[in-house]
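S.K.: need coordinates for the below:
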Amino acid sequence: MIEISAPFSHVTCPCNPSNKRSQQKQRDMKAFVFCLLIGFASAHLGYQKESSAEKWCAMDSRGPKNLKRTNVNGKCNAYTVCDAPEMTLAYTSALAQNILPPVVINYQVHGFAKDDGSDPIVTAEHTNEQLAFMNEAYADAKMSFNSTLLVQKNSFNQAKTVVYGCTYEDILNKEFNLDCITPETGFGGDPEICSPNDGCFQITCSSVETCNSNCTTRNAIENNPECACFCIPEIFQCANSSIGNGICNPECNFMQRNWDGGDCCLANRTQKTCRDPSSPNPDWWGDELFKTSIGSSSIDHLNFYIANLGPNGKLLGVAHFPWMDGVYGMAAGIIMSSMAWGIQGPFLGDTAAHEAGHCFGLYHVFSGVSELKVWKPCEDICYESTPSLLTGDLIADTNPTPINYECNNPPPCPASQNGTDLACETCQLKPWTNTPYTNYMAYGDDSCLTHFTAQQHGRMRCYVDLAYQNWTTDAVTPGTIVVAPNVTSSCNTVTLTWAPPINRGTGTLSFVIQRTPPFVNGIKTVGGMAYTDDQVQVGSSYTYSVKAVTSRAAQYFSPASTVTVTSQCQTSKALSSSTINPTTAEESTANSLVVTWITIACLLSKL
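M.R.: Alright, predicted model coming up:
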């Protein structure tokens, strides 16, 4: 979910860096929920675009830590070494130089079938289709996948719907929880006690007429953003005499009517009508209970959980970020709607690629525009006005864009809504051009999404090395040192210093130094991260590169650095092949980003 500083409350709806993906016309679960909050009717449950009312956002006290977009030490989203612009550029350059080895990542696919093995939620056919798509989508990052399908036989669990972000306790504790206000729960989550501190305000509706006039006009939302209205017209059709009469009455099956007094949870029911969380057998469960019932940790593989996913089938997927708490536990991994797994109708496999992108550290391409401060996005430190490695999605080869569901550039933001319309949030009155609407981290149809960018590849490879070494088929071999050694000459010698690889493999590190022209004995092996070469001639030039060794040697040497030997006892600067020019003029002026061993060594010392 995504999908900001810890401890914190995560922002729900389209104004947070959600790592979840909903259907094309209704990608955000929270936006959908708020559509319900402003006047529920069955006809409103179909696919729809975001309306002006769906810009509303509420705060929820639950949620994983280290998720909120914020100012961390004066920088946007500076959580790990892989968030440093230098590292994104270094890994991107290493891929371009073909000095990163290919990696194979293991994932398991989980789902339920009926007791006799029939009607599995996930099939081998769709799993094979999805694997082929993943291997194609990630090929340019030199990433591929191994897939294992595990289906458990349990008719009761097979029929349940997963409601993300909600537990039975969240409904029974009489505290507001926006994630729980869904049709599957009977609109639990205690909306009637929602307070301004929760980001909304309850407008009491005494009748269906009052509900319609106060809510569906959206006046409260557009004129008073702190206000919201929760109304369920069907409730007014529920007669008190119908509650507890032994018959499930749909108009009474809501939290506000005590879920029809238990009549919809009778053991002999033939439909999925049990919404009451206090029942021994409700027809829904929260994502954490769903995952832990399967019992697969994320220590040595990524987990895909395929489910009937709520609310009302509109949510397609939810993933974790690599810096989140519990990233290797049973509650991590990716939950996917069964309809979006593999190739089915309009779904071609893009949702899994999108969600896995979040697992590997990618934000939405629109995160620097549409996932910022609720009411003053233009003042947010993560606001992205030009492509940048320091703001927005922390990727400089994706242009800024607002959230966009179409396979075209989005329209410009109207002047009257500048800085206030959460569905647009442009903060600039100019056309959006060359936007990344075909990027896998966008929100277009599957048929529109085609690629990751070079810097997205680099950022993902950094996070594979940093967080997911045990997910790969080779957890022993150290990775490539992606930054060239710092090489200087003084007093007839050459001094090298370097940083270790982010992926240090298994065992004690040593380092092999390669020189051109070669050392007398071919190569040098040292135990530390510095070496002085006195086998040199004044006036000659030498090129050096380094690779790490444990019980196995890294497949590739680092980028090279060249220096000319001087007899003077002052430093002669090296010429490094990994000196990387900043991607944009903005970054060049503001930060003068150049990859150096000092910067990287400092960052890696914090691992």
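S.K.: okay, CA-based contacts and neighbour counts for the rest of this
M.R.: Will do.
S.K.: isn't Ser385 right up against Thr401?
M.R.: No: counting by Cα atoms under 8 Å, Ser385 does not reach Thr401; the two are 9.1 Å apart.
S.K.: now the helices for this structure?
M.R.: 29-37, 85-96, 124-137, 155-158, 168-172, 208-211, 219-223, 258-261, 287-294, 350-359, 367-370, 454-467, 585-591, 597-604 (DSSP state H).
S.K.: and the fifth one, how far from the chain's centre?
M.R.: The one in question is helix 168-172. Remark: helix 168-172 is offset 26 Å from the chain centroid, using Cα atoms, centre = their mean, to the nearest Å.
S.K.: use 37 as the first number for this chain going forward.
M.R.: Sure thing, new numbering starts at 37, so read that last one as helix 204-208.
S.K.: just the residues contacting it, thanks.
M.R.: 212-213, 216, 224-226, 313-314, 321-322 (Cα atoms under 8 Å, 6 or more residues apart in numbering).
S.K.: for those, which ChimeraX command selects only the ones that are buried?
M.R.: To isolate the buried ones among those in ChimeraX, judged by 16 or more other Cα atoms under 10 Å, type:
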select :212,213,216,224,225,226,313,321,322
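S.K.: for Gln369, phi and psi?
M.R.: Actually, residue 369 is Gly. It isn't Gln. Here is the backbone geometry of Gly369 (degrees, to the nearest 10): phi 90, psi -170.
S.K.: so it touches Ile342, yeah?
M.R.: No: contact status for Gly369 versus Ile342: not in contact, 10.9 Å apart, counting by Cα under 8 Å.
S.K.: ok, now how distant is Ala367 from Val530?
M.R.: As judged by Cα to Cα, to the nearest Å, Ala367 and Val530 stand 51 Å apart.
S.K.: between those two, which one's more packed in?
M.R.: Val530 (24 against 21; other Cα atoms under 10 Å).
S.K.: center of this protein - which residue?
M.R.: His394 (2.8 Å; Cα atoms, centre = their mean).
S.K.: helices and strands of the chain: which one bottoms out on pLDDT?
M.R.: Of all helical and strand segments in the chain, the minimum by mean pLDDT, DSSP states H and E falls on strand 94-96, at a mean of 22.
S.K.: hmm, back to that, between Ser421 and Thr437, which has more neighbouring residues?
M.R.: The residue with more neighbours, out of Ser421 and Thr437, is Thr437; 30 against 17, by other Cα under 10 Å.
S.K.: Asn470 is in contact with the more buried one, correct?
M.R.: No: between Thr437 and Asn470 there is no contact under Cα under 8 Å: 9.1 Å.
S.K.: hmm, back to that, Ala355 is in contact with the residue nearest to the centre of the chain, correct?
M.R.: Yes: using Cα under 8 Å, His394 is in contact with Ala355, at 6.4 Å.
S.K.: could I get the pLDDT score of the nearest residue to Ser577 once chain neighbours are set aside?
M.R.: Leaving out its chain neighbours, the residue that sits closest to Ser577 by Cα to Cα, 6 or more residues apart in numbering is Thr600, at 4.1 Å. pLDDT, Thr600: 95.
S.K.: any idea how far Thr600 is from Tyr580?
M.R.: 12 Å.
S.K.: ok, now Ile370?
M.R.: Ile370 sits 43 Å away from Tyr580, going by Cα to Cα.
S.K.: quick check: chain neighbours aside, which residue is closest to Phe593?
M.R.: Closest to Phe593 by Cα to Cα, 6+ apart is Lys583, at 4.6 Å.
S.K.: neighbours of that neighbour, just the number please.
M.R.: Lys583 has 25 nearby residues by other Cα under 10 Å.
S.K.: residue contacts, it?
M.R.: 516-517, 547-549, 589-590, 592-594.
S.K.: redo that, cut-off 7 Å
M.R.: The contact partners of Lys583, by Cα atoms under 7 Å, 6 or more residues apart in numbering, come to 516-517, 547-549, 590, 592-594.
S.K.: dump these into CSV; add pLDDT and distance to Leu384 as well.
M.R.: Output for the contacts of Lys583, formatted as CSV (pLDDT from 0 to 100; distance: Cα to Cα, whole Å):
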residue, pLDDT, distance to Leu384
Thr516, 96, 34
Ile517, 97, 36
Phe547, 97, 45
Val548, 97, 45
Ile549, 97, 47
Ala590, 94, 36
Tyr592, 96, 35
Phe593, 96, 38
Ser594, 96, 38
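S.K.: what is the most widely separated pair among the residues you listed?
M.R.: Thr516 and Ile549 (13.1 Å; Cα to Cα).
S.K.: ok, those two, which is more surrounded?
M.R.: Thr516 (27 against 21).
S.K.: any idea how far Pro536 is from the more buried one?
M.R.: Thr516 is 9 Å from Pro536, by Cα to Cα.
S.K.: between those two, what contacts are shared?
M.R.: Listed as contacting both Thr516 and Pro536 by Cα under 7 Å, 6+ apart is no residue at all.
S.K.: let me know the pLDDT of Asn470.
M.R.: Here, the pLDDT recorded for Asn470 equals 94.
S.K.: and if you look at the one 4 residues further on?
M.R.: Turning to Thr474, the model gives it a pLDDT of 97.
S.K.: burial count for it?
M.R.: Neighbour number of Thr474 under other Cα under 10 Å is 21.
S.K.: now do it against Cys216, distance only.
M.R.: Taking Cα to Cα, one finds Thr474 at 32 Å from Cys216.
S.K.: quick one: low-confidence residue ranges for the chain.
M.R.: 37-110, 227-270, 348-349, 409-412, 449-466, 606-643 (pLDDT under 70).
S.K.: would you list every one of the strands in the stretch 387-536 of the chain?
M.R.: For the stretch 387-536 of the chain, the strands defined by DSSP state E, counting those that start in this stretch occupy 522-526, 529-533.
S.K.: buried deepest among those strands, which one?
M.R.: Highest mean neighbour count of these: strand 522-526, a mean of 24 (counted as mean count of other Cα atoms under 10 Å).
S.K.: please report how far Pro318 lies from Met179.
M.R.: 41 Å.
S.K.: thanks again, I'm all set now.
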